[in-house]
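Visitor: have a look at this fold, sequence not included:
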C-alpha cells in the first residue's frame, strides 16, 4: 500500500517535544544551540503546510536530555496520550536518540489495544543545521501518523520509530550508530514502512487491534527492579554474584553469547541456580544484534533452561527491560511474570 491509497483528510496530530537534538536551533546572538518554540513549527518546517493537517504541539518543561530519561517520562507520556487520545488521529514524539529505543519499547507495552499511531523520531543534527536529517524525519513521521485507509482507520496503529526514511516497530529497534543518519536498525523484524517517492507500507507486518477494540488501556504502574548482566570472557564469580544474587533486583536480564550460551563453569551455573532459588526472574537475551535465543541447541543453553531461566527469543535488550518493567508492575507473582515473558504481547518476539 502506498500513500496514494490513503485518505488523510483533516487529520490532526499532536507533536510532543521531550527534548533532544531535533528541537535545537542556533541562536545567532550567542552562537549556541537552544530549543525552538514548537508552537511555531509550521514556520520552522513550512513543508508541513502542504499536508493541511491540524498540528498542535506540547513541550515538556523542563526538557529532558535522552541520557537522563527515566521511567517517570514514560508514565508522563502515556498519561498525556491518554488525556488527549480522543482529540487527535496520531501522536509524534520528538525524543533524543540515545534512549529512544527504550522509550518506544516502554510505550508499546504501556498502551494496550492501541488504535492510533504513536511515532518516535529525532535527528542526529539540529533541525536548523544546513544538512539536518531532522526535517525529513519529522515530515515522514507526521505523514505516517496522519495516514488512514479508505475506511478512515489508522494505517499503522503501533508505537514506532521513524528514522532515515524507515518506519520500525518500536520494541524491535536498537540504536546502532552514533554518527550516521541511519542510526537505528530492526534486524529481527521487517520495516513497517519505507519512505521514498511515496511511503510504501508493509501491511502484512503491521499489528492491528481487535476489530471491536474500544479505547486503549493505559498501564502506568512500572516496577523497575531489574538488573542486566552482560557476560564477557574473564567475568568473575564476584561480579556475577553481585548482580544475580543481590537482594535488590526482582529480575535479571542475562545478555548471553550467540544463541543463548553462557559459561559452563560450575561456579556460574551454581550462581544461576542460587538466584533462581531466591525466586528471581531470570531472562536470557542474546548480545547479537540479529538472531534469537534457543536454549535447546547447546549444552550450556539447556543448563540455563533447566536452572529456570526464561527464553527471551529474539527480543532486544531494550524491549526485554521494558517488558519486565510492565509485567512486574502488573503482577506481584513472579511465576506469572516469568510465564508472561515467553508470550508475544506487542509483536516484540517472533513466536
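Guide: Right, received. Where do you want to start? Nothing here was measured: the structure is a model prediction, and the numbers come from that model.

Visitor: can you give me the strands in the stretch 51-200 of the chain?
Guide: Under the criterion DSSP state E, counting those that start in this stretch, the stretch 51-200 of the chain carries strands at the ranges 54-59, 90-94, 111-112, 118-121, 159-163, 166-169, 174-175, 184-185, 193-195, 199-201.

Visitor: between those, which one is nearest to residue 276?
Guide: Each of these was scored for nearness to residue 276 using Cβ to Cβ, and the closest is strand 174-175 (27.7 Å). Where C-beta positions appear, they are placed from N, C-alpha and C, glycine not excepted.

Visitor: and the contacts of that closest one?
Guide: The set of residues that contact strand 174-175 without belonging to it, under Cβ atoms under 8 Å, 6 or more residues apart in numbering, is 97-98, 100-101, 183-187, 289, 316-318.

Visitor: pLDDT below threshold where in the chain?
Guide: Low-confidence regions of the chain, defined by pLDDT under 70, span residues 1-9, 26-34, 36, 38-40, 213.

Visitor: got the domain ranges for the protein?
Guide: The chain breaks down by automatic domain parsing into domains covering 3-218, 226-341.

Visitor: with mean neighbour count and distance to residue 350 added, can I get those in a markdown table?
Guide: Conversion of the domains of the chain to a markdown table gives the following (neighbours: other Cβ atoms under 10 Å; distance: least, Cβ to Cβ, whole Å):
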| stretch | mean neighbour count | distance to residue 350 |
| --- | --- | --- |
| domain 3-218 | 19 | 7 |
| domain 226-341 | 18 | 5 |
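
Visitor: distance to residue 347 added to these, as a markdown table?
Guide: Rendered in a markdown table, the data for those read as follows (distance: least, Cβ to Cβ, whole Å):
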| stretch | distance to residue 347 |
| --- | --- |
| domain 3-218 | 5 |
| domain 226-341 | 10 |
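
Visitor: for the strands of the stretch 51-200 of the chain, give me JSON lines that also has distance to residue 69.
Guide: As requested, these are exported to JSON lines (distance: least, Cβ to Cβ, whole Å):
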{"stretch": "strand 54-59", "distance to residue 69": "16"}
{"stretch": "strand 90-94", "distance to residue 69": "12"}
{"stretch": "strand 111-112", "distance to residue 69": "18"}
{"stretch": "strand 118-121", "distance to residue 69": "12"}
{"stretch": "strand 159-163", "distance to residue 69": "14"}
{"stretch": "strand 166-169", "distance to residue 69": "19"}
{"stretch": "strand 174-175", "distance to residue 69": "13"}
{"stretch": "strand 184-185", "distance to residue 69": "16"}
{"stretch": "strand 193-195", "distance to residue 69": "25"}
{"stretch": "strand 199-201", "distance to residue 69": "28"}
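
Visitor: what's the closest of these to residue 243?
Guide: Among the strands of the stretch 51-200 of the chain, the nearest to residue 243 by Cβ to Cβ is strand 174-175 (21.7 Å).

Visitor: run the chain-centre distance for the closest one.
Guide: Here strand 174-175 is found 9 Å from its chain centre; the criterion is Cα atoms, centre = their mean, to the nearest Å.

Visitor: hey, where'd the helices end up in the stretch 101-250 of the chain?
Guide: The residue ranges that make up the helices of the stretch 101-250 of the chain, judged by DSSP state H, counting those that start in this stretch, are 134-146, 237-244.

Visitor: out of these, nearest to residue 17?
Guide: Distances from residue 17 to each of those were compared using Cβ to Cβ; the minimum, 10.5 Å, belongs to helix 134-146.

Visitor: just checking, what packs against the closest one?
Guide: With contacts defined as 3 or more Cβ pairs under 8 Å, 6 or more residues apart in numbering; DSSP states H and E, helix 134-146 has these neighbours: strand 12-17, strand 90-94, strand 118-121, strand 159-163, strand 193-195, strand 199-201.

Visitor: relative to strand 90-94, how tilted is that helix?
Guide: Taking axes from the mean of the first three to the mean of the last three Cα atoms, to 10 degrees, one finds that helix 134-146 is oriented at 160 degrees with respect to strand 90-94.

Visitor: next, the angle strand 12-17 makes with helix 134-146.
Guide: Using the same axes, to 10 degrees, helix 134-146 lies at 140 degrees relative to strand 12-17.

Visitor: contacting residues around residue 278?
Guide: Counting by Cβ under 8 Å, 6+ apart, residue 278 makes contact with residue 245.

Visitor: again with residue 177
Guide: residue 183.

Visitor: if we can go back for a sec, of the helices and strands packed on helix 134-146, which is nearest residue 268?
Guide: With respect to residue 268, and counting by Cβ to Cβ, the nearest of those is strand 159-163 at 35.3 Å.
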